[in-house]
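Asks: this is a predicted model, with the sequence first.
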Amino acid sequence: MALMIQEVSVTNAPVELLLLADPSENKIRSYLSISRCFVASMGEVVVGACVVQPLSPNAYELMSIAVHPVHQQSGYGTALLKWVIDFYRSAGARQLEVGTGTFGYQLAFYQRQGFRVSSIDQDFFIKNYPEPIFEDGIQLFDMLRLTLRYSDKDA
Ligand SMILES: CC(C)(COP(=O)(O)OP(=O)(O)OC[C@H]1O[C@@H](n2cnc3c(N)ncnc32)[C@H](O)[C@@H]1OP(=O)(O)O)[C@@H](O)C(=O)NCCC(=O)NCCS
């Protein structure tokens, strides 16, 4: 069965899936209203989702991307990320940003598609979330901001 990727109304965003990428439902709901949501499905089953909000007329931020744990490491996340990158390129975007932790496979996931480190938001995860967040047993403190510039070669 082929993977289908399409935009859905933010009112139909699969919030339970997005919680894999952002543990705060309040934060997800706060940015959903000003964002666009894209989902990847296999038949009737939604396997992945991605939310993007505008920052300025030609710059966008990927707020969350997640693939259901059962379907991870099957290439769906990469397919969804590439689709979203192409969608915003076609829309005339100059850049796409994303914030992520300072360690973990997600860094390679984004940089493989041309994202590059642009800044560090010190203490982001302790300033913006009520509970400590751990990944692989390590507490997340700082957020790396990555930027994909469409003008860069091959972006
Ligand atoms: C990040 C995420 C969307 C990637 O989706 P995916 O469908 O698993 O990604 P792909 O199958 O396209 O794999 C991309 C790469 O990430 C690696 N990867 C994916 N999940 C992994 C995991 N749990 N542990 C280690 N590596 C992982 C894959 O091995 C692959 O690398 P490779 O090509 O060298 O093998 C997905 O893993 C996810 O939902 N994670 C939890 C939420 C999250 O962290 N979102 C990002 C927030 S910044």
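Replies: Nice, thanks for sending it over. Numbering: from 1, shown residues only.
Asks: what strand or helix carries residue 98?
Replies: Assessed by DSSP states H and E, residue 98 sits inside strand 95-100.
Asks: ok, and what's touching that strand?
Replies: 52, 55, 58-62, 84-85, 88, 106-107, 110, 115, 118, 121, 124, 143-150 (CB atoms under 8 Å, 6 or more residues apart in numbering). To be clear about C-beta, it is placed using only N, CA and C from the backbone, and glycine gets the same treatment.
Asks: out of those, list just those in strands.
Replies: Taking DSSP state E, the ones among those that sit in strands are 52, 55, 59-62, 118, 121, 143-149.
Asks: check the contacts of strand 95-100 against the ligand, which are close?
Replies: The subset of those within reach of the ligand, by CB under 6 Å from any ligand atom, is residue 106.
Asks: list only buried entries from the contacts of strand 95-100.
Replies: Buried by 16 or more other CB atoms under 10 Å: 52, 60-62, 84-85, 88, 106-107, 110, 115, 124, 143-149, out of the contacts of strand 95-100.
Asks: now the longest helix out of those in the chain and strand 143-149, what's the angle there?
Replies: As assigned by DSSP state H, the longest helix anywhere in the chain is helix 76-90. Angle, helix 76-90 to strand 143-149, by axes from the mean of the first three to the mean of the last three CA atoms, to 10 degrees: 50 degrees.
Asks: list the buried residues in helix 76-90.
Replies: 76, 77, 80, 81, 84, 85, 87, 88.
Asks: quick check: the residue of the protein nearest the ligand.
Replies: Minimum separation of the chain from the ligand (CB to the nearest ligand atom) falls at residue 77, amounting to 1.9 Å.
Asks: check the gap between that residue and residue 131 for me.
Replies: From residue 77 across to residue 131, the span is 25 Å (CB to CB, to the nearest Å).
Asks: tell me which element the residue nearest to residue 40 when sequence neighbours are not counted is part of?
Replies: Distances taken as CB to CB, 6 or more residues apart in numbering place residue 48 nearest to residue 40, at 3.8 Å, with adjacent residues excluded. Using DSSP H and E, residue 48 falls within strand 45-56.
Asks: and that strand, what's its mean pLDDT?
Replies: Averaged over strand 45-56, pLDDT sits at 97.
Asks: that strand packs against which elements?
Replies: helix 15-18, helix 25-32, strand 36-42, strand 59-67, helix 76-90 (3 or more CB pairs under 8 Å, 6 or more residues apart in numbering; DSSP states H and E).
Asks: I'm done for today, thanks for sticking with me.
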